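>>> Got a predicted structure here, sequence first:
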Amino acid sequence: MSIFEAILLTVITASTPLVIAALGELVTERSGVLNLGVEGMMIMGAVAAFAGAQISGSPYVGIICGIVAGALFSLLFAFLTLTLVANQVATGLALTLLGLGASGQLGEPFVSVPGIRLEEIVIPVLSDIPVIGQVLFKQDLIFYLSIALVFAVSWFLFRSRTGLKLRAIGDNHGSAHALGIHVIRTRYLAVMFGGACAGLAGAQLSLVYTPQWVENMSAGRGWITLALVVFASWRPWRVFAGGYLFGAVTILQLHAQAFGLGIPSQFLSMLPYAATIVVLIIISHNRRTTLINTPASLGKAFVPER
């Protein structure tokens with residue numbers, strides 16, 4: 001394998017959890033709910049996936065555990081914000097802090113325990129194609145799921161009747177309710193989908209990216225995911241492109257350190273987060289485009305009339 005192929009593989013591995021989590025958050029925000037707890041759901045998915053794989057001996061069971069953990073954790077957020085009408089921003093931040101603390105406690109028995117790596121799926125013939133064969137057709141299941149999710153979410157939001165209803169709720173929940181659309185139920189499902197995606201992204205971290213359990217191993221990826229959704233203007237294919245852009249920045253700073261460039265390692269380590277800030281600054285200058293694409297009811301509580 002050439003150095004170029006190795007770099008591409010690591011970029012894909014680093015980008016996959018960002019794309020998956022961002023697609024889930026995109027659907028959540030399209031319904032008008034702002035869930036800032038992606039980091040907490042992701043880390044809970046990571047510890048649940050690692051624990052499930054260790055106990056069962058199967059990484060596929062671990063994936064299911066990660067998805068379920070993320071969905072259940074998001075259900076707590078949905079209950080507080082949609083049923084009890086708590087503030088979405090404060091609840092999301094609390095969810096992140098709770099996830100970081102709970103995952104550290106739950107994962108303590110698994111510290112320094114060798115992980116079970118998710119095996120690659122080799123597609124015959126296609127995997128023998130030079131360069132792209134090793135990169136695209138010899139990957140793990142979660143990578144293929146991330147690609148399928150991009151197509152599925154794009155079709156759902158812009159080609160299905162249910163997706164149209166979800167976007168209508170995000171744009172004007174009052175009018176959607178008047179038309180007979182179940183706003184609260186739809187938002188519950190959207191939030192749980194976002195949680196499941198965050199849990200799957202966490203499972204990728206502990207079963208593929210670094211197959212072991214390390215406390216706080218999400219390392220701010222949940223926050224990058226939130227910025228990625230805004231960067232993508234709430235569109236799935238832009239999320240996919242943006243996820244790989246951020247993933248490339250993350251990996252290239254690691255390779256720059258390995259090649260011994262005369263740049264302080266601390267500066268290189270902060271590049272992914274600095275890139276996030278720069279992107280947000282650039283987006284903020286084009287307020288008209290941002291306002292056009294932002295769901296109008298995003299972050300606003302809905303209380304149906306009795």
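On my side now, so go ahead.
>>> ok, now how distant is residue 305 from residue 102?
Residue 305 sits 37 Å away from residue 102, going by C-beta to C-beta, to the nearest Å. C-beta coordinates here come from the backbone N, C-alpha and C atoms, glycine included.
>>> And those two? Which one has more around it.
More crowded of residue 305 and residue 102, by other C-beta atoms under 10 Å: residue 102, with 15 against 6.
>>> OK, contacts around that one?
With contacts defined as C-beta atoms under 8 Å, 6 or more residues apart in numbering, residue 102 is in contact with residue 44.
>>> any idea which element it lies in?
Using DSSP states H and E, residue 102 maps to helix 88-107.
>>> same thing with residue 10?
Assessed by DSSP H and E, residue 10 sits inside helix 3-30.
>>> going on from that helix, what's the next piece of helix or strand?
That would be, after helix 3-30 and using DSSP H and E, helix 38-56.
>>> packing partners for that next one?
Taking 3 or more C-beta pairs under 8 Å, 6 or more residues apart in numbering; DSSP states H and E as contact, the helices and strands that helix 38-56 lies on are helix 3-30, helix 59-78, helix 88-107, helix 183-204, helix 221-231.
>>> Could you pull out the buried residues of it?
Counting neighbours by 16 or more other C-beta atoms under 10 Å, one finds that the buried residues in helix 38-56 are 38-54.
>>> Output it as PDB, nothing but the C-alphas.
Extracted C-alpha coordinates of helix 38-56, given in PDB (Å, rounded to 0.1, in the frame of the first residue of the first chain):
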ATOM      1  CA  VAL A  38     -24.300  15.200  20.200                       C
ATOM      2  CA  GLU A  39     -21.000  14.900  22.100                       C
ATOM      3  CA  GLY A  40     -22.700  13.100  25.000                       C
ATOM      4  CA  MET A  41     -24.700  10.700  22.800                       C
ATOM      5  CA  MET A  42     -21.600   9.900  20.800                       C
ATOM      6  CA  ILE A  43     -19.500   9.100  23.800                       C
ATOM      7  CA  MET A  44     -22.300   7.000  25.300                       C
ATOM      8  CA  GLY A  45     -22.500   5.100  22.000                       C
ATOM      9  CA  ALA A  46     -18.700   4.500  22.100                       C
ATOM     10  CA  VAL A  47     -18.700   3.000  25.600                       C
ATOM     11  CA  ALA A  48     -21.900   1.000  25.000                       C
ATOM     12  CA  ALA A  49     -20.400  -0.400  21.700                       C
ATOM     13  CA  PHE A  50     -17.100  -1.300  23.300                       C
ATOM     14  CA  ALA A  51     -18.800  -3.000  26.300                       C
ATOM     15  CA  GLY A  52     -21.300  -4.800  24.100                       C
ATOM     16  CA  ALA A  53     -18.500  -6.100  21.900                       C
ATOM     17  CA  GLN A  54     -16.400  -7.200  24.900                       C
ATOM     18  CA  ILE A  55     -19.300  -9.000  26.700                       C
ATOM     19  CA  SER A  56     -20.700 -10.700  23.600                       C
END
